[in-house]
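Engineer: Requesting a structural model of the entry that follows:
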Amino acid sequence: MMNQRKVGNILAGCALAAGALSGMLHAQANGYIKPYGKPSNAGVFINGQYVGPAHRFTLSEKYPAPAGEVEVSLRDPRYEDFTAKVKVEPNKTAKIHYTMKMLEPPKPPFGRLRLGGGEPESFISVAAGDVGAVYVNDHFYGYVDELNNAGGGLLLNPGTYNVRVASQKFGEIQKTVTIEANKVTVIPLVGQ
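Structural biologist: Predicted structure coming up:
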C-alpha cells in the first residue's frame, strides 16, 4: 500500500502534467490576424480590445487572436471605422484587406496636442516603440510613439478635451486639456 507522501507526489505530478497539457491546447487554440490596407496607421481592435497599429515601418503587423469567429475593427479619427467578422484557425494567420472611407476634414482653426518627453517641446523621444493607445473624448486617436515627436501630434479644434493615454512604458495617464488655436499643448509622459 502506498503512503500518503507518495500519493501526494503522484497527484501533484498529474496536476502538473494536466496544467502543461491545458497550456499546450490553449496555445494551439490561438491563431493570428494580419491587416493590410489604408490608412496604414489605423488602430487594430480584436473583439473590442486594442492590440496595436495595423502597420509600422511600412510592414503589416501580426496579432494573436483566439480561434473561432472574431470581430476585427480598424479605427482612425480621419476615417469611418472598418469592422469585419473573421474566422481564425489555430496556428494560422487570417489576413484582412481593408480600405477605410475618409471623413470630411475638420475646419480650422487648430491647436496641436502632443505627448512630450517631460519638457514643453522636447526633441527627445522617450516613447520609442510604445504602441499604447491614445484616446480623446473616448475615441481612439492614435498611439503613443507616433504622437511623441516634436513637430508631430494631433491637430484639434480649440476646446476642452479628456485625454487618456494607455502607455506600455508609462502606464495610464488621464488629463483634461484645453486646446488653443495656433498653440501646442504637451502632455508630459515623464516627470508628472
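Engineer: Can you tell me the SS state at the residue minimising distance to the centre of the chain?
Structural biologist: With distances taken as CA atoms, centre = their mean, Gly52 lies nearest the centre of the chain, 3.3 Å away. Recorded secondary structure, Gly52: strand (DSSP: H, G, I helix; E, B strand; the rest coil).
Engineer: Could I get the pLDDT score of it?
Structural biologist: On pLDDT, Gly52 comes in at 95.
Engineer: Setting the sequence-adjacent residues aside, check what's closest to it.
Structural biologist: Val131 (4.5 Å; CB to CB, 6 or more residues apart in numbering). Glycine gets a C-beta too; all of them are placed from N, C-alpha and C.
Engineer: Just list the residues touching the one you found, thanks.
Structural biologist: 52-53, 56, 143-145, 168 (CB atoms under 8 Å, 6 or more residues apart in numbering).
Engineer: Show me the two of these that sit farthest apart.
Structural biologist: Arg56 and Gln168 (13.5 Å; CB to CB).
Engineer: domain parsing for this protein?
Structural biologist: 31-99, 111-188 (automatic domain parsing).
Engineer: And those domains, which one averages the lowest pLDDT?
Structural biologist: Minimum mean pLDDT among these: domain 111-188, a mean of 87.
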